[in-house]
Every structure is written in C-alpha cells, then in structure tokens.
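>>> sequence and computational prediction follow.
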Amino acid sequence: MKYDKIDANLFIKNRKNFAANMKPNSLAIFNSNDIYPIGADSTMPFEQHRDIFYLSGVDQEESVLMLFPDCPNENLREVLFLTETNDHIAVWEGEKLTKEAALSTSGIKTVYWLQDLEKVLFEMASYADTFYINTNEHYRANVATETREDRFTKWLLAKYPAHSVAKSNPILQRLRSVKDSIELDLMQKACNITEKGFRRILGFIKPGVWEYEIEAELLHEFVRNRSKGFAYTPIIASGNNANVLHYIENNQQCKSGDLILFDIAAEYANYKSDLSRTVPISGRFTDRQKAVYNAVNYVKKEATKLLVPGTIWKDYHVEVGEIMTSELLKLGLLDKADVQNEDKNWPAYKKYFMHGTSHHIGLDTHDYGLLHEPMQANNVFTVEPGIYIPEEGFGIRLEDDVVIQEKGEPFNLMGNIPIEADEIEDLMN
C-alpha cells in the first residue's frame with residue numbers, strides 16, 4: 001500500500017465496539033471484495049470492502065474475518081483467514097500478508113490460511129446460534145452485481161439452515177458514522193493532499209487549457225503524496241458543463257471569461273475527502289459571477305453553523321433551503337410570486353439548487369450513517385451548496401468536509417483550502 005501503516009488500535013477498538021452490539025452466542029462474518037474482470041486477463045484495481053477494512057485493517061483480496069465474542073474456544077473469538085503466500089506469489093504479485101504481518105496490521109492473533117476456512121467455520125458454527133450477515137443497506141446503494149459477500153452468504157445459509165440470521169449493517173451504520181481520532185487524522189491527511197492538488201492547479205488554469213490536462217495535474221499531485229488518486233470520479237466542468245451535476249467527461253477546452261467547477265478530492269488509506277471549488281478561468285470573476293459565488297459561499301457558511309449534535313438531517317435541509325431562497329431572491333433569480341406559489345414537495349429554490357447540502361463522508365464518499373437519527377459529535381459531513389444557471393452559462397458549487405463538535409461550530413478539515421473569491425483571484429494572479 002502507498003499509505004503509512006495505520007495504528008492497529010483503531011481496528012482493535014472497532015471490533016470491540018461491534019462485538020458489544022452483537023446478540024449473545026452469535027458469529028459475524030465479513031468478506032473482502034472481488035477483483036472484478038474487465039476482459040481477457042485484465043482486471044480492475046482491487047478495492048477492499050470497507051467493512052472488513054474498518055474491522056481489521058486488512059487491505060488484501062480474498063480475506064475473511066469472523067467475530068464470535070462468546071465462543072467457548074477463546075482462540076476462535078476473532079479469526080482472520082488469508083490466502084497463503086509463497087515464493088511464487090511473491091515473485092509474480094509481490095508479498096502478501098504473512099500471519100505475523102496480519103497480527104501487526106489488525107491485532108488479531110488467530111490467523112488461518114483460506115483453505116482451512118470450512119473446517120474452522122464448522123467448529124465455530126456448532127457453538128453459535130446466530131449468524132450476522134453483511135448486506136449493503138446504504139440509502140444510495142444500487143448494486144447490479146452479485147458480490148463475494150452475497151455469494152458467501154448464499155452458501156453459508158444453505159449449509160447451515162438451522163441458524164438464526166441477524167444483520168451487521170445497522171451496527172456498522174452507527175459505528176462507522178462516528179469517527180475515531182485516528183480516522184479523523186487519516187481524513188485530515190486526505191484533505192491536506194487535496195489542498196496541495198488544488199493549489200497546484202490554481203497556477204495552471206488559464207484560457208486554452210483542457211479539462212483533462214487539469215485532471216492530470218491533480219492526479220500527479222495526489223499520487224506523489226501517497227494517495228492512490230481520486231476519491232471518486234473527478235468532475236472538472238468548465239462553462240455550461242458545470243450545470244451537469246455529474247459531468248465526468250472532462251474533455252472540453254477552457255474558455256476565457258468562463259468559470260470552471262471542480263468536484264475533486266484525494267483519498268488516503270481508503271479514507272475519502274470531498275472538495276468542490278469554482279474558479280474563473282481568466283483569473284478574475286465578473287461582477288455577476290462574484291455575486292453568485294458570494295451567495296453560495298454565504299449559504300455554505302450558514303449551513304455549516306447548523307451542523308451540531310441533535311440536528312436532524314431532513315430538518316437541516318429544509319432550513320438550508322430557506323437560506324438559499326433568500327439569496328436567490330437577492331440575485332433576482334426568484335421573485336416573491338415564485339416562492340408564494342411553490343410546490344412544497346419541490347420548493348422554488350430547487351430550480352437553481354436541486355441537490356442535497358450534506359452527506360456523511362469517511363471510508364466511502366457517501367459514507368454510512370442513519371439519516372433519521374440525530375447528528376452527533378465526530379460525525380463528518382460535507383457541506384456543498386450550489387447555484388446552477390444554464391441560461392447564464394455557469395454553475396457554482398462550493399464544498400468542504402467538517403467534523404461535528406460536542407459544542408460550537410464544526411471543525412473544517414478543509415479550512416486551509418482557499419475559498420474566498422478575493423483570495424482565489426489573488427492566488428491566480
């Protein structure tokens with residue numbers, strides 16, 4: 001891995017917290033992701049399943065984790081299964097985790113090779129009453145493929161039909177949404193790498209450059225700082241491209257007088273950052289562009305103040321909508337009649353700001369978190385208002401990642417990344 005070794009105490013603590021929420025006499029099983037084929041002998045780069053990484057720190061394919069806190073055999077209360085490494089694998093693919101390295105990474109003492117899984121599971125299952133299976137229940141999940149986890153669950157329940165079944169996901173949704181200090185440090189590192197990339201391109205952007213050239217500059221800076229690269233598919237949208245919310249072609253030439261909207265960020269050690277900025281390609285905003293920019297920035301600042309313990313996500317978005325409505329009225333994009341006659345299910349402001357303001361972020365860009373439950377300290381949220389005006393040929397989105405505090409306003413992990421319009425102009429000139 002490119003990233004520095006993570007303190008194993010994070011994963012020891014995560015397993016302890018998960019075990020504390022399990023039913024008596026139950027066994028939880030977590031699988032790695034597949035390596036997905038492209039064609040012939042080509043594959044996509046491996047991305048570890050976030051749940052097994054969260055609980056073990058193991059970032060290797062075909063790994064399996066089993067947690068059984070009440071197991072009468074104390075050696076089987078935490079068990080990790082790995083593909084057995086050998087000299088041949090070391091030559092062709094590089095070294096895999098040894099049992100000693102797995103202990104150092106995860107803090108798990110009992111490590112078996114994968115060929116022993118069925119035999120060891122049989123003993124563990126004979127003691128257990130309930131299996132915890134790991135299904136994806138994220139509110140934005142849209143999975144068309146059968147995952148390694150899915151296949152294992154199907155096999156497990158067919159082989160052991162008399163066991164009760166419980167869900168790991170609700171436990172993980174709560175645990176993963178509240179970040180440990182080690183996790184916050186990793187996320188800060190991802191944000192710091194993102195800052196370096198953004199500052200790099202401020203000196204590169206000018207009329208005539210291509211969106212993909214800017215993408216290349218960012219990737220260069222991210223990788224040279226120990227990131228795998230982008231935390232998600234980057235959006236580099238000049239001119240009217242910014243009015244396509246998920247524009248990812250990044251294949252247009254930047255024109256004088258236009259704005260360019262970035263939704264780009266680095267990952268670090270599987271933890272994500274998520275940044276949006278909008279800058280003038282020529283180095284100066286027009287008066288109109290700056291007025292809209294400052295309105296978005298104002299909404300962002302006011303929205304951030306609302307992210308405190310006890311806030312309900314749904315109510316928060318209603319309040320942010322009211323702040324945005326006020327700004328759109330000032331800009332002349334809405335009038336009083338638009339607001340008075342609005343459909344409450346699709347308020348008037350949605351014409352120019354049609355997406356949500358905040359989502360959880362962590363190991364996933366849209367991270368785990370139960371949105372019907374009150375916000376709490378050490379939740380990490382994005383704050384990303386925008387105003388999109390196709391008829392004027394530009395769109396503006398601004399976004400930072402913030403950590404909710406016990407008291408007061410959130411801590412901004414991106415507080416060092418330039419955002420004020422005047423600062424952006426100064427840096428570009």
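Cool, got the structure. Treat the numbers as computed from the prediction; the structure is a model and nothing was measured.
>>> scan the chain for its longest helix.
Counting by DSSP state H, the longest helix found in the chain is helix 181-202.
>>> pull the CA atoms of it into PDB?
Output in PDB follows, covering the C-alpha atoms of helix 181-202 (Å, rounded to 0.1, in the frame of the first residue of the first chain):
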ATOM      1  CA  SER A 181      -9.400  10.300  16.400                       C
ATOM      2  CA  ILE A 182      -7.200   8.100  14.300                       C
ATOM      3  CA  GLU A 183      -9.800   8.100  11.500                       C
ATOM      4  CA  LEU A 184     -10.000  11.900  11.700                       C
ATOM      5  CA  ASP A 185      -6.200  12.200  11.300                       C
ATOM      6  CA  LEU A 186      -6.400  10.000   8.200                       C
ATOM      7  CA  MET A 187      -9.200  12.100   6.800                       C
ATOM      8  CA  GLN A 188      -7.200  15.200   7.500                       C
ATOM      9  CA  LYS A 189      -4.300  13.700   5.600                       C
ATOM     10  CA  ALA A 190      -6.700  13.100   2.600                       C
ATOM     11  CA  CYS A 191      -7.900  16.800   2.800                       C
ATOM     12  CA  ASN A 192      -4.300  18.000   3.000                       C
ATOM     13  CA  ILE A 193      -3.400  16.100  -0.100                       C
ATOM     14  CA  THR A 194      -6.500  17.600  -1.800                       C
ATOM     15  CA  GLU A 195      -5.300  21.100  -0.800                       C
ATOM     16  CA  LYS A 196      -1.900  20.500  -2.500                       C
ATOM     17  CA  GLY A 197      -3.600  19.500  -5.700                       C
ATOM     18  CA  PHE A 198      -6.000  22.500  -5.700                       C
ATOM     19  CA  ARG A 199      -3.200  24.900  -5.000                       C
ATOM     20  CA  ARG A 200      -1.200  23.300  -7.900                       C
ATOM     21  CA  ILE A 201      -4.000  23.800 -10.400                       C
ATOM     22  CA  LEU A 202      -4.600  27.500  -9.400                       C
END
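>>> and the helix or strand following it, what does it pack onto?
Per DSSP states H and E, the first helix or strand lying C-terminal to helix 181-202 is helix 211-223. Contact partners of helix 211-223 among helices and strands, from 3 or more C-beta pairs under 8 Å, 6 or more residues apart in numbering; DSSP states H and E: helix 181-202, strand 235-238, strand 259-264. (Each C-beta comes from the backbone N, C-alpha and C, glycine too.)
>>> redo those as TSV? Include mean pLDDT and mean neighbour count.
Below are the helices and strands packed on helix 211-223 laid out as TSV (pLDDT from 0 to 100; neighbours: other C-beta atoms under 10 Å):
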stretch	mean pLDDT	mean neighbour count
helix 181-202	98	20
strand 235-238	98	25
strand 259-264	98	25
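>>> kindly reformat the ones you listed as CSV containing distance to Ile387.
Output for these, formatted as CSV (distance: least, C-beta to C-beta, whole Å):
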stretch, distance to Ile387
helix 181-202, 21
strand 235-238, 14
strand 259-264, 11
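>>> closest one to Thr145 among these?
Thr145 sits nearest to strand 235-238 of all those, at 24.6 Å, using C-beta to C-beta.
>>> so in that sheet, which strands flank that closest one, and in what orientation?
Applying DSSP bridges, strand 235-238 is found paired with strand 259-264 (antiparallel).
>>> give me the buried positions along stretch 35-46.
Using 16 or more other C-beta atoms under 10 Å as the burial criterion, none of the residues of stretch 35-46 qualify.
>>> so what touches it?
For stretch 35-46, the external contacting residues (C-beta atoms under 8 Å, 6 or more residues apart in numbering) are Asn33, Glu61, Thr145, Lys228.
>>> which of the residues you listed fall within strands?
Using DSSP state E, no member of these sits in strands.
>>> which pair of these spans the longest distance?
Thr145 and Lys228 (21.6 Å).
>>> of the two, who's got more company?
Using other C-beta atoms under 10 Å as the criterion, Thr145 and Lys228 rank with Lys228 on top: 17 against 8.
>>> my guess is that one meets Lys2, correct?
Yes. In this structure Lys228 lies within contact range of Lys2 using C-beta atoms under 8 Å: 6.3 Å.
>>> just for the stretch 301-429 of the chain, where's the confidence low?
Along the stretch 301-429 of the chain, segments meeting pLDDT under 70 are nowhere present.
>>> can you pull out the helices in it?
Using DSSP state H, counting those that start in this stretch, the helices found in the stretch 301-429 of the chain span residues 313-330, 336-340, 421-428.
>>> can you list the contacts of stretch 35-46 in JSON lines and add distance to Trp155 and pLDDT?
Shown next, in JSON lines, are the contacts of stretch 35-46 (distance: C-beta to C-beta, whole Å; pLDDT from 0 to 100):
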{"residue": "Asn33", "distance to Trp155": "17", "pLDDT": "97"}
{"residue": "Glu61", "distance to Trp155": "18", "pLDDT": "95"}
{"residue": "Thr145", "distance to Trp155": "17", "pLDDT": "91"}
{"residue": "Lys228", "distance to Trp155": "31", "pLDDT": "97"}
